[in-house]
Each structure stands twice: as C-alpha cells, then as structure tokens.
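[1] Only the shape, not the letters, is given here:
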C-alpha cells in the first residue's frame, strides 16, 4: 500500500490557503478516483482505495502543519510501510509559482510540516511533490503569507497546478518515480 499525504491545516479558516495546497491535491485525487476521505484514523482524515492499480491510503493530517509527522509515523508503523511507500504533497515558497516538482529526497528548508515529518521518520529520503505557491513579499511575515489565500488570477494557476500534481502522483504509482520525474520536472535547478 502507498501512503499519499497532502499537508495542510484543518478547519474552514485554512481552506484554500497557500499552506493547504497539499490538501487540495488529496481532494482532487479522492474525487477523480472515487475515494472518500472521511475517516478519522492516525490523527488524520483518511480514505483507502485504488489509484493506477495500486492500493493507497489518502491522508490529510489533522495535527496542524507543524506536527504533520505524528500522523504519518503512526500510519507507517501500523501498516509496516517502507519509505518507498510514502508520497508527501507539500507547498513550497522557494520554487517558481505554479510549478510542480517531484523529488526523491531533500531537506525541509523553512517548511515546518516537512521538519516534523523528517524528525518523526528520522529520514529525508521519501518522495515529495512540491508545489510553488509564490515567493513571500519582503514586507510580509512568513506565517501570514502561507496562511493567506490566492488572488483570483493566482487561484486559476493553482487549480491547474493541483491537477498536474494529482497527475504526478498517478504517474509515480503507474510508472515509478524516475519516469514521473522525467515527465513532470520541466527544469532541474540546484536550489530546489
């Protein structure tokens, strides 16, 4: 089984914010693959089903972003999953707005959700799909920026990015990470 985790914060006040694009991708995967993500398990909203012929659990942690690793660790231990069975979908301020990047491993950077996951799993070599949510304006506080909503024009681009990220998950499950990276990573740069 694959564990596919979209990072975000629970509650209506965080719905459709920059930090919740991971949740948006899980919602997209759930809708296009007829999986109900409505059970509370492992301190997360979860749903099980099949995507690209593979058994999956979709997960939206309810622990708030900074403790995302708690939910992941519990699910991975319960199902005895290997690190290769994990795909994390995460917002990223350091890549170009509207872009999707697949990575096999990496640091958390400034992302507290990723810091929590790496801390709880004690490793950083898991697949992640990074979504470019835009660069923080200099006058903004980082927390305020990631918890802000997109403009109407930005949201149109974000919706396209969410569709592309869901397709990237399906490609990873169907063809493997290397093939998916070749298809979805338009450019590889040292900083991301």
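    It's in. Predicted model, so just to flag it, every value in this text is computed and none were measured.

[2] Any chance you could list what contacts the lengthiest helix in the chain?
    Looking across the chain with DSSP state H, the single longest helix is helix 152-175. Applying Cβ atoms under 8 Å, 6 or more residues apart in numbering, the external contacts of helix 152-175 come out as 2, 4, 16, 21, 24-25, 28-29, 32, 51-54, 56, 87, 89, 97-100, 102, 127, 129, 131-134, 149-150, 179-180, 183-184. Where you see a C-beta, it was placed from the backbone N, CA and C, and this is true even at glycine.

[3] now the residues you listed: which count as buried?
    Buried by 16 or more other Cβ atoms under 10 Å: 2, 4, 21, 24-25, 28-29, 51, 56, 87, 89, 97-100, 102, 127, 129, 131-134, 150, 180, 184, out of the contacts of helix 152-175.

[4] Now do the strands for the protein: every range, in order, please.
    Counting by DSSP state E, the chain has strands at residues 2-6, 39-41, 44-51, 54-61, 86-92, 100-103, 127-132.

[5] Partner strands of the shortest one, with direction?
    In the sheet containing strand 39-41, its partner strands are strand 44-51 (antiparallel), by DSSP bridges.

[6] tally of neighbours for the nearest residue to residue 184 once chain neighbours are set aside?
    Of all residues not flanking residue 184 in the chain, residue 168 sits nearest, at 4.8 Å (Cβ to Cβ, 6 or more residues apart in numbering). Residue 168 has 25 neighbours, counted by other Cβ atoms under 10 Å.

[7] pLDDT at residue 168, what is it?
    If you check residue 168, the pLDDT there is 96.

[8] Against residue 8, how distant is it?
    17 Å (Cβ to Cβ, to the nearest Å).

[9] circling back: distance to residue 120 and mean pLDDT added to the strands of the chain, as TSV?
    Below are the strands of the chain laid out as TSV (distance: least, Cβ to Cβ, whole Å; pLDDT from 0 to 100):
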stretch	distance to residue 120	mean pLDDT
strand 2-6	12	97
strand 39-41	17	96
strand 44-51	13	97
strand 54-61	11	97
strand 86-92	12	96
strand 100-103	19	94
strand 127-132	15	96
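
[10] can you put these in a markdown table and add distance to residue 139?
    Converted to a markdown table, the strands of the chain look like this (distance: least, Cβ to Cβ, whole Å):
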| stretch | distance to residue 139 |
| --- | --- |
| strand 2-6 | 29 |
| strand 39-41 | 39 |
| strand 44-51 | 35 |
| strand 54-61 | 31 |
| strand 86-92 | 20 |
| strand 100-103 | 27 |
| strand 127-132 | 20 |
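
[11] Many thanks, I have nothing further to ask.
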